[in-house]
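**Student:** Structure, please.
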Amino acid sequence: MANLSTCNEKYNGLSDVDGNMYFLVGFITYIVFTSFVSIVGNILCAVAILRPTRTVRGRLRKRLPKSRYIFIFNLAITDAMGGLLYPVQFIIGDSVVDVPGLSTGITSSLTILAIAAERFNKIVLEKTYQNSRSERMRSIGCCVILWSLPFVCLISIYTYDPDLHKFVFFFVGPVCVIFVMFSIAFLYTSIILTIRLHEQNKIHKFGSRKFNKMKLVLRAYGVILLVYVVCWLLWAVESIRICITRYLTVSITEERCLEGTTLLYVALGLGLMNSAINPVIYWKTLPDIRWGIRQIYYVFLEGMFGKCCKLENGSSDVAACTNSTTSHPATIGSSTL
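**Tutor:** Numbers count the residues shown, from 1 in each chain. Coordinates of the predicted model:
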């Protein structure tokens, strides 16, 4: 296998980022800030999804979220993990976090695809499960596969040749991203056509209230997927271009060079912004997560100051506020999670 860790004279210095200290310092600062926002925001959303629910009698009851939120939880964890690992990769360079970092990125893309597939099964195929717990366990099992499969494959590749992780980054990863983009475009086109052509049948089957809630969730997921495409498409295209021009078209007898360009770093920064934007999308488009975050905020205030700000019903006591939320359409007690 040709060595990827060094560049021959033909390609040496092709990275226009080398020596540009202002750009590198600015980029690293941006990555650290974006990663911090991503970690805090996604962990907050993950906790909001897994928060205990309060019954009508005021007792706390833990339960698994519905399948669609299981995938959102998985996406939030991958984004938070990426925010933790990516700065280390950029600042330190080649290190032990290369495999976990690449694996986390691929898992995040596959989770995006799983979200679209879950909506496709629900709306187009009308696939339902008699036992909701069985549906949740299937979703959890799918998430376990999404984490383990890329990690095992990358560990095997890294064990065979440590330099191959660069090829994965510049070619396999971008190809995976583009595949996910085309797949979710097909799935969501099918979903939208199904809703438009068979809206009355769907309303009759699911009921008006449940069908409107499905459309609300569908719009929210559509925003998540659209932002994913906008943020990562440029990086995927530029990475494949670099791999083709500096690796695949170079004679096997020569040393091949895979080095990033300024455009690649800018595109990568745009892609990493996706992880920081996702929690904002969850907050704006998913009422259940928004209400869960509010509950966490009020509990935090109670722990810090022994009181909380007044809620919509005018109560200033956190316990009373929480108990009274059972009548709210998006509250803990009636949450659709």
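**Student:** Show residues contacting stretch 172-179.
**Tutor:** Contacts to stretch 172-179, defined as C-beta atoms under 8 Å, 6 or more residues apart in numbering, come from residues 102, 105-106, 109-110, 232-233, 235-237, 239-240, 243. For every residue, glycine as well, the C-beta is placed using N, CA and C.
**Student:** just the CA coordinates of it, formatted as CSV?
**Tutor:** Provided in CSV are the C-alpha atoms of stretch 172-179 (Å, rounded to 0.1, in the frame of the first residue of the first chain):
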residue,chain,number,x,y,z
VAL,A,172,-15.3,6.4,2.0
GLY,A,173,-16.8,9.0,4.4
PRO,A,174,-17.9,11.5,1.7
VAL,A,175,-19.3,8.6,-0.5
CYS,A,176,-21.3,7.5,2.6
VAL,A,177,-22.6,11.1,3.1
ILE,A,178,-23.7,11.4,-0.6
PHE,A,179,-25.3,8.0,-0.4
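**Student:** residue ranges with poor pLDDT in the stretch 51-200 of the chain?
**Tutor:** Within the stretch 51-200 of the chain, the stretches with pLDDT under 70 are 52-65, 93-96, 126-132, 199.
**Student:** Let me see the ranges of the strands in it.
**Tutor:** 53-54, 60-61 (DSSP state E, counting those that start in this stretch).
**Student:** Let me know the closest of the contacts of stretch 172-179 to Gly82.
**Tutor:** Gly105 (6.4 Å; C-beta to C-beta).
**Student:** Run through the neighbouring helices and strands of the helix or strand Glu238 falls within.
**Tutor:** Under the criterion of DSSP states H and E, Glu238 resides in helix 208-243. Contacts defined by 3 or more C-beta pairs under 8 Å, 6 or more residues apart in numbering; DSSP states H and E place helix 208-243 against helix 67-92, helix 98-123, helix 173-197, helix 199-206, helix 262-285.
**Student:** buried set for that helix?
**Tutor:** The neighbour-count check on helix 208-243 (16 or more other C-beta atoms under 10 Å) flags 211, 214, 217-218, 220-225, 227-229, 231-240, 242-243 as buried.
**Student:** OK, contacts around Asn274?
**Tutor:** For Asn274, the contact set (C-beta under 8 Å, 6+ apart) comprises Asp79, Val227, Tyr228, Cys231, Trp232.
**Student:** One more: Val97?
**Tutor:** If you count contacts by C-beta under 8 Å, 6+ apart, then Val97 has Leu85, Val88, Gln89 around it.
**Student:** Distance of it relative to Phe90?
**Tutor:** 10 Å (C-beta to C-beta, to the nearest Å).
**Student:** next one: Arg241
**Tutor:** Distance from Arg241 to Phe90, by C-beta to C-beta: 21 Å.
**Student:** try Val47
**Tutor:** 27 Å.
**Student:** Likewise for His198?
**Tutor:** His198 is 48 Å from Phe90, by C-beta to C-beta.
**Student:** ok, the two, which is more surrounded?
**Tutor:** The neighbour comparison of His198 against Phe90 (other C-beta atoms under 10 Å) goes to Phe90, with 18 against 15.
**Student:** ok, that one - contacts?
**Tutor:** Contacts of Phe90 by C-beta under 8 Å, 6+ apart are Phe27, Ile28, Ile31.
**Student:** if we go to 6 Å?
**Tutor:** Phe90 sits next to Ile31 when contact means C-beta atoms under 6 Å, 6 or more residues apart in numbering.
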